[in-house]
Every structure is written in structure tokens, then in C-alpha cells.
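Asks: Fold the stuff below for me.
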Amino acid sequence: MSGHSKWATTKHRKGAKDSARAKVFAKLIRQVEVAAREGGGDPATNASLRTMFQKAREASVPLDTIERAIKRGTGELEGARYEAVTYEGYGPGGIAVIVETLTDNRNRTSAEVKHLFSKNGGSIAEPGAVAWQFDRKGIIDVKGPVDEDQMLEWVLEAGGENFTMTSDDVTVSTEPHDLGRVRDSLEGFGLTVRSAELTLVPQSVVEITEESEAKKILRLVDAIDDHDDVQNVYANFDIPDAMMAALEE
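Replies: Alright, predicted model coming up:
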């Protein structure tokens, strides 16, 4: 959990620094389209679409933009047809990396993702080579502070699996199919949910102790994450807070 939380924080800070709002919008809109195509255009009956709809709204994507994306997904409006393609590989220090993409040109995206790996000290692996090192989970970020005993009671009642706390937030993990229900329950207790998403959580992490290695890893992950077709990048590294702070300065 710690590795995931730190990387999520890193991505958040990077996005704020880059002000890459248009790129974030484009990725979220693409996810909304695919969710609508695969499960229908009604968020009430399509859990994936409901999750992506909420995620897009949390990122301040305009409502009419989301609605047009849904219509493209259901075929009411014309648009490109995207398919999900996942890549697995290794990064500096032997870390495991999983890259999730949505693309309208598989051959182009494959070539470009492979190039990003090789250019930044990584290598592509065969399907299944590193996926076994990750578990699919729902992750809910709750605004803190919250009393720990009270939070434990609420998480158990909501059906969550586990949680970790800092002074500012609480991270709750769930089984994938329980994400929406647990989120709704926590909000029903009066908690402020900042985000709720399905993600891949590493079963164990590679502790990074050298700053030079950390720089190489972040360079690889940032380069891949910046690609227009890439939706998510997951990796099993853990950089200490002090080192991460130094790298961000």
C-alpha cells in the first residue's frame, strides 16, 4: 500500500506542476467512451461508467464533454474506436512495470511504448511476466483527519478490506466489485471522499536506496505516463519520503 500511495502522490504533484489539464481531460474522456461502449450509456446500470463519470467530474471535466464522450461510446455520435492494450516490462533496478493504454492504433502504440522502455533503461516483457506481482483493488482516498477507532468501525461496516492513515488523509482498500458500494457508504457516514478508483497494488515493493536509481525510475515512469495513449502506469518501487522530497526540489 505504501508504494502505491507514494506514487499516486507523486503523480498528483507532477500533474499540478505540469498543468497538463488538457492531457488529463483527454485520458479521462477516452476512458468514459470505452466504459460506455462496453457496458452501455447509463451510469446507474454501468458501474464502470459510473466510476469514470465521477472521476471525470472530480477532475473538472465539463458535463457536456462527458455526455458527448458517452454518446460516442454508445454509437450515437461518430468517433474513434479505442481498444485496451496492456504492456508489461521491467525498469531500472529490476522493478516491475505495468502500462495500461487505450489506443485506436495498436501497432503504433506498441512501437512507441517499447521505444520509451528501451530509451529510459527498461525493457518490455512477455504478457504475464510481471502481472502476477500485482493485485487489482479499489482504492478510496478520504479526507482526514479522522479518529482511527471510528474509521476502523466505518470501514468494517462499509465492507472495506483495510485502511492506512496520515494526518491529512485515509486510504481505504476494497475488492474491485465493492468499490462503488464502499465509497457510497463512507460518504453516508459524512466522510469526504476525494477519489475512488480501481488500481493495481504491488504485493511487495522494491526499496530504492540510491538517488541515482530513483531518478532513472522516475524518468522512465514519467516518460511512459506522458504518452497520450497511456491511461495508467503501475510499478512496484518505494522511494523514501526524504529522497522523493529532495528529487522534487
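Asks: quick one, strands of this structure?
Replies: 83-90, 96-103, 123-125, 134-143, 162-165, 169-174, 193-202, 206-207, 230-235, 237-238 (DSSP state E).
Asks: Now the weakest link among those strands, please, by mean pLDDT.
Replies: The minimum mean pLDDT among the strands of the chain belongs to strand 193-202 (a mean of 87).
Asks: can you count the residues close to Asp64?
Replies: Burial of Asp64, expressed as a neighbour count using other CB atoms under 10 Å, amounts to 8. Any C-beta I mention is one placed from the backbone N, CA and C, and that applies to glycine too.
Asks: Can you check the pLDDT for it?
Replies: Here, the pLDDT recorded for Asp64 equals 94.
Asks: Neighbours of the residue nearest to Thr86 when sequence neighbours are not counted, how many?
Replies: Once flanking residues are discounted, Thr86 sits nearest to Glu100: 5.3 Å by CB to CB, 6 or more residues apart in numbering. Other residues near Glu100 come to 16 when the count uses other CB under 10 Å.
Asks: what residues are up against Glu100?
Replies: Shown in contact with Glu100 (CB atoms under 8 Å, 6 or more residues apart in numbering): 84, 86, 230-234.
Asks: Repeat that for Leu247.
Replies: Per CB under 8 Å, 6+ apart, neighbours of Leu247: 211, 214-215, 218, 239.
Asks: in this protein, which spans are helices?
Replies: 2-18, 21-39, 47-58, 63-74, 106-119, 148-158, 179-188, 211-225, 241-248 (DSSP state H).
Asks: What is the distance between the second one and the centre of its chain?
Replies: Centroid displacement of helix 21-39 relative to its chain, using CA atoms, centre = their mean, to the nearest Å, is 13 Å.
Asks: Counting by contacts, list what that helix packs against.
Replies: Here helix 21-39 touches helix 47-58, helix 63-74, strand 96-103, strand 230-235, going by 3 or more CB pairs under 8 Å, 6 or more residues apart in numbering; DSSP states H and E.
Asks: tell me the angle of that helix relative to strand 96-103?
Replies: Per axes from the mean of the first three to the mean of the last three CA atoms, to 10 degrees, the angle that helix 21-39 makes with strand 96-103 is 80 degrees.
Asks: I'm done for today, thanks for sticking with me.
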